[in-house]
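Asks: What follows is a predicted protein model with its sequence.
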Amino acid sequence: MSILLLAGSPSSPSRSTRLLHHVGERLAELGNRTVRIQVTDLPAEALLHADFNQSDIQHAKALVQAAEAVVVATPVYKAAYSGVLKAFLDLLPQDGFAGKLVLPLATGGSQSHMLALDYALRPVLSALGARHVLPSIYATDAQVVWTPENTLQLDPAIAARISAGVEQLTASLAAVRAAAHAGAAPVPFSQVRCSV
């Protein structure tokens, strides 16, 4: 099993993709296996025409299906996630993220776009059946700086949020794996009894 790193930026390189790769490195340091999809590497015609049967699209969908968790990164434009990410998410089945943990990441020009993750992206991730959408991490362009030495400099507040997000994702995956190993089945809400 693996964690899918889903890069939804229309440009390369980009701050959101660099942030995603940084998170991937942190996850790997904790012993997690990651795989990557850069949506712009998929055939544009297949994305635009929703060609579900195109081989690269089929392979990308198989990577999504096989992943235990997804870290999805996008720039925020006009208070929404990127169109190229939307084109890919539209190709997934209605339950494309069923049972998966999801960590959303985004970058934008200012703090005024921060709520786009909760109002635009989170509902889509939930509609795709995500088991749990972890707290989003949003960084402004000024908080994610690529230096001439090809290193990533993160604002201390963003670095702390990334550490917390990576730890929470890893711990949540461990809990899901332990429950599956123990044979614990989820209890349907209709069977929950509550007394006051």
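Replies: Received, thanks. Note that the structure is predicted; figures quoted are calculated from it, not measured.

Asks: in stretch 91-102, what's buried?
Replies: In terms of neighbour count (16 or more other CB atoms under 10 Å), stretch 91-102 has its buried residues at 91, 92, 96, 97, 100, 101, 102. C-beta coordinates here come from the backbone N, C-alpha and C atoms, glycine included.

Asks: So the second one: helix, strand or coil?
Replies: Per DSSP: H, G, I helix; E, B strand; the rest coil, the secondary structure class of residue 92 is coil.

Asks: closest to residue 133 among the buried residues of stretch 91-102?
Replies: Closest to residue 133 out of those is residue 102 (4.9 Å), distances taken as CB to CB.

Asks: Give me the helix or strand of this structure that scores worst on average pLDDT.
Replies: helix 116 (a mean of 81; mean pLDDT, DSSP states H and E).

Asks: element containing residue 145, please.
Replies: strand 144-146 (DSSP states H and E).

Asks: Are there helices or strands packed against that strand, and which ones?
Replies: Here strand 144-146 is seen to pack against helix 15-29, strand 152-154 when contacts are counted using 3 or more CB pairs under 8 Å, 6 or more residues apart in numbering; DSSP states H and E.

Asks: That strand pairs with which strands, and in what direction?
Replies: strand 152-154 (antiparallel) (DSSP bridges).

Asks: which is the next helix or strand following the partner strand?
Replies: Next element after strand 152-154 (DSSP H and E): helix 156-182.

Asks: That next one packs against which elements?
Replies: Secondary elements touching helix 156-182 (3+ CB pairs under 8 Å, 6+ apart): helix 15-29, strand 67-77, strand 101-108, strand 137-140.

Asks: Present those as JSON lines; the columns should include mean pLDDT and distance to residue 116.
Replies: Below are the helices and strands packed on helix 156-182 laid out as JSON lines (pLDDT from 0 to 100; distance: least, CB to CB, whole Å):
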{"stretch": "helix 15-29", "mean pLDDT": "94", "distance to residue 116": "12"}
{"stretch": "strand 67-77", "mean pLDDT": "94", "distance to residue 116": "5"}
{"stretch": "strand 101-108", "mean pLDDT": "95", "distance to residue 116": "7"}
{"stretch": "strand 137-140", "mean pLDDT": "94", "distance to residue 116": "8"}
